[in-house]
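Visitor: with the sequence up front, the predicted model follows.
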Amino acid sequence: MAASGRWIGALRSLGRSLGQPARQQAADLSNTQRRHVGNLPVKPNSYVEDWAHKRENVELTFRFDAKTLAILGTAGIVTPYLIYQVCVTEFQTKQQKAGVPVKKYWGRDD
């Protein structure tokens with residue numbers, strides 16, 4: 001029953017659209033408000049668009065040089081090592097204050 005109702009509604013709307021003159025259909029389209037960017041009245045920001053373009057095409061602009069190696073070394077080796085050392089130092093300090101025998105951690109055989 002519901003399917004037949006859908007077909008009847010579709011045929012009625014098709015009949016109405018075919019019955020209207022082309023000029024009236026064009027006038028209906030020209031009266032609608034035109035918007036861009038997801039139907040929002042937004043002007044594109046050239047800086048954001050440029051950043052998005054560079055982000056999408058990073059494989060074209062990436063260079064493996066000394067600066068990149070320094071960033072990767074800092075982020076991948078130095079920073080985790082420093083975090084580990086700070087945590088181990090804190091654990092050992094808390095153990096000494098609590099009077100518990102200090103546990104020896106990997107890389108810290110004091």
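Guide: Looks like it came in fine. What you see is a predicted model; the values in this text were computed from it and never measured. Numbers count the residues shown, from 1 in each chain.
Visitor: all contacts plus neighbour counts: C-alpha atoms, from now on.
Guide: Will do.
Visitor: Arg63 in helix, strand or coil?
Guide: Assigned by DSSP: H, G, I helix; E, B strand; the rest coil, the conformation of Arg63 is coil.
Visitor: check what pLDDT it gets.
Guide: You'll see Arg63 listed with a pLDDT of 90.
Visitor: repeat that for Gly9.
Guide: So, for Gly9, pLDDT stands at 77.
Visitor: count of residues packed around it?
Guide: For Gly9, the neighbour count with other Cα atoms under 10 Å is 12.
Visitor: cool, and Thr79?
Guide: By the measure other Cα under 10 Å, the count of residues near Thr79 is 12.
Visitor: just Lys94 next, same as before
Guide: 13.
Visitor: before we move on, what about Pro80?
Guide: 12.
Visitor: and the longest helix anywhere in the chain, which residues are buried?
Guide: Scanning the chain for the helix with the most residues, using DSSP state H, yields helix 79-98. For helix 79-98, burial by neighbour count (16 or more other Cα atoms under 10 Å) applies to Val88, Gln92.
Visitor: packing partners for that helix?
Guide: Counting contacts by 3 or more Cα pairs under 8 Å, 6 or more residues apart in numbering; DSSP states H and E, helix 79-98 packs against no other helix or strand.
Visitor: who touches that helix?
Guide: Pro101, Val102, Lys103, Tyr105, Arg108 (Cα atoms under 8 Å, 6 or more residues apart in numbering).
Visitor: now, which of those residues sits nearest Ile8?
Guide: For the contacts of helix 79-98, the closest approach to Ile8 (Cα to Cα) belongs to Tyr105, at 77.3 Å.
Visitor: enumerate every residue touching the closest one.
Guide: Counting by Cα under 8 Å, 6+ apart, Tyr105 makes contact with Val88.
Visitor: state the phi and psi torsions of it.
Guide: When quoted as degrees, to the nearest 10, the phi and psi of Tyr105 stand at phi -100, psi 160.
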